[in-house]
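> here's a sequence, model it:
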Amino acid sequence: MTDTIAERTRADQAHLIHPLHHPRAHQAPKLWVSGQGALVRDAEGREFIDGLSGLWNVYVGHGRRELAQAAYDQMSTLAYNSSYAGSTNLPAIALAEKLSALVYPSINTFFFTSGGAEASESSFKTARFYWKALGKPEKTKIIARTRAYHGVTLAAMSATGLANFWPMFEPRVPGFLHIESPFPYRFVNPSPALSDGVAAANLLEEAILREGADTVAAFIAEPVQGAGGVIVPQDDYFARIREICDKYEVLLIADEVITGFGRTGRWFGLEHYGIEPDIMQFAKGITSGYIPLGGIGVSDAIRDVMNNVPPAQRWMHAFTYAGHPTCAAVALRNIAIIEDEGLVQRAAEVGARFQSRLRELLAHPHVGDVRGIGMI
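Residues are numbered from 1 along each chain as shown. Below you'll find the model as predicted:
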């Protein structure tokens, strides 16, 4: 087996480019060969707990034959067909209908992508489309936050607030800017008369006024910032964000790629804060990573604008794999597993216990903070 692993490693190094690629980081890679439940196995037969659930996405565990069967059944019937205007398929319709019943009440219409970065791109373009259709073409800027992660395609990377992703691909797309994260452990409140959450949210208002409200299309935020450090905002942060967006006619985009489908102990992350976004984007947990799928949901107000423009001004946005029937079929079965096995409530219960035990570490002199929500 050792020779086989060595041979496979050499072939990998010769022929594969990896995410965040550099060969020095890939001299002795783990060669994963199987998984079952929360465990994964490497080529040497060693078992590991998959503590990050793949990349925040294997919600129902590895080795679920129900998902393989759902893919097989759909591939055997209609593996792929275009979902461009004028065509559709049954699994995509059923998935959109199911999501309408699960997500925020004002969001009932969905566009499917192959993953989270494509969802970010779709959100940004939809925000620009919306304001242009309403006769406000100058509203193009996107405000994001430091420590944010929204993907690394060019526009998504420009919204991502982790500067180490930028240097070798700059210049970034114009019209993207960042405000400080509300990060409770590090945030310094410039207005002590206000709560930290409101003060952090007010940075958005300051940015909108500085740029000019007539130039800002949207604010994008993860309900919990994941890659930037598992940052759970203050309880009153998002309520103030929603007020500011409404006041200045700025769309609120919720990046629910890691917080969607139950990981936080609620179906979607902003449910914890009692507000709804104008656009939500999702990926990862919708299929538990078994097959690539992402997408956006838009508010009824945005949908109505999209549906009522003249044909020559239509939403000219598309992907070959938008509404892929096999991906949709797997997503439907995955959501059924989450529902049938009570995994959203399970995430809330186990997460609370996990957080309680972790907080015991705060007594250690080298531990400054313990944070999380649900199974994040």
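> how far does stretch 31-44 sit from the chain's center?
25 Å (CA atoms, centre = their mean, to the nearest Å).
> who touches it?
When contacts are defined by CB atoms under 8 Å, 6 or more residues apart in numbering, stretch 31-44 is touched by residues 1, 4-5, 8-9, 30, 47-50, 58, 61-63. C-betas here are computed from N, CA, C, even on glycine.
> ok, 10 Å please
Contacts with stretch 31-44, where a contact means CB atoms under 10 Å, 6 or more residues apart in numbering, come from 1-2, 4-5, 8-9, 12, 29-30, 45-51, 53-54, 58, 60-64.
> just the terminal-to-terminal distance for that stretch.
Separation of the first and last residues of stretch 31-44 by CA to CA, to the nearest Å is 8 Å.
> flag every buried residue along that stretch.
Judged by neighbour count (16 or more other CB atoms under 10 Å), stretch 31-44 contains these buried residues: 35, 40-41, 43.
> how does the protein divide into domains?
Following the TED database, one finds the domains of the chain at 1-63, 66-338.
> which helices and strands sit right next to whatever helix or strand Ala144 lives in?
Assigned by DSSP states H and E, Ala144 belongs to strand 141-145. With contacts taken as 3 or more CB pairs under 10 Å, 6 or more residues apart in numbering; DSSP states H and E, strand 141-145 sits against helix 116-133, helix 154-159, strand 176-179, helix 196-211, strand 216-221, strand 251-255.
> circling back: among the contacts of stretch 31-44, name the buried ones.
The buried subset of these - by 16+ other CB under 10 Å - is 5, 9, 50, 53, 58, 60-62, 64.
> output the residues you listed as a markdown table; include the columns distance to Leu162, secondary structure and pLDDT.
Shown next, in a markdown table, are the buried ones among the contacts of stretch 31-44 (distance: CB to CB, whole Å; DSSP: H, G, I helix; E, B strand; the rest coil; pLDDT from 0 to 100):
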| residue | distance to Leu162 | secondary structure | pLDDT |
| --- | --- | --- | --- |
| Ile5 | 33 | helix | 90 |
| Thr9 | 29 | helix | 91 |
| Asp50 | 24 | coil | 97 |
| Ser53 | 21 | helix | 95 |
| Val58 | 23 | coil | 98 |
| Val60 | 29 | coil | 98 |
| Gly61 | 29 | coil | 98 |
| His62 | 28 | strand | 98 |
| Arg64 | 32 | coil | 98 |
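> where does pLDDT dip in the chain?
Scanning the chain for pLDDT under 70 picks out the ranges 1-2.
> pick out the residue nearest the middle of it.
Val257 (1.7 Å; CA atoms, centre = their mean).
> measure it to Glu341 for me?
22 Å (CB to CB, to the nearest Å).
> quick revisit: closest one of the buried residues of stretch 31-44 to Ile302?
In terms of CB to CB, no member of the buried residues of stretch 31-44 lies closer to Ile302 than Gly35, at 38.8 Å.
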